[in-house]
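K.L.:
How does the following fold in three dimensions:
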Amino acid sequence: MLRLLIRFTGLALLAGGFVALVVDGTRSLAGGSFYVTTLGSVLQALGPAAFQALRSAVLSRLPTFVWDPLLVFLLMTPVGVALCGLGAAFIVLSHKHHALVGYPPD
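P.N.:
Reported below is the predicted structural model:
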């Protein structure tokens, strides 16, 4: 049952990532320039106060290098790529491992 929920979540994330890529593509074609929606801009649009609280919490509790090169890089990734990658990881995690033929089960 848990495998089904993880796979369904992965498929929903893949579908959301594909939709985000299509939206960015149509905006780029309509605008005449390359347009990418970043993960940071989406998080800031959904909850600006929560985003600032997260930033201040990370900067106060963890070393500075965690925010600047690591989390800033993650926040600059396109939403479609992030959702597709997370969805693919969920689908891989939900894969049932088959026993090899001729070997005793573990």
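K.L.:
shaky segments in the chain?
P.N.:
The model of the chain has pLDDT under 70 over residues 99, 103-106.
K.L.:
how about a cut-off of 90?
P.N.:
Along the chain, the model assigns pLDDT under 90 to residues 1-3, 31-32, 40, 43-44, 46-48, 50-75, 94-106.
K.L.:
which residues of it fall in helices?
P.N.:
2-31, 39-46, 48-61, 64-65, 72-75, 79-93 (DSSP state H).
K.L.:
tell me the most buried of those?
P.N.:
Stretch with highest mean neighbour count among those: helix 79-93 (a mean of 17; mean count of other C-beta atoms under 10 Å). For glycine as for every other residue, the C-beta is placed from the backbone atoms N, C-alpha and C.
K.L.:
Touching that helix from outside, list them.
P.N.:
The contact list for helix 79-93 (C-beta atoms under 8 Å, 6 or more residues apart in numbering) reads 6-7, 9-21, 24, 37-39, 42, 74.
K.L.:
can you check stretch 37-54 too?
P.N.:
Residues outside stretch 37-54 that contact it (C-beta under 8 Å, 6+ apart): 20, 23-24, 72, 74-80, 82.
K.L.:
go on, stretch 22-35?
P.N.:
36-37, 78-80.
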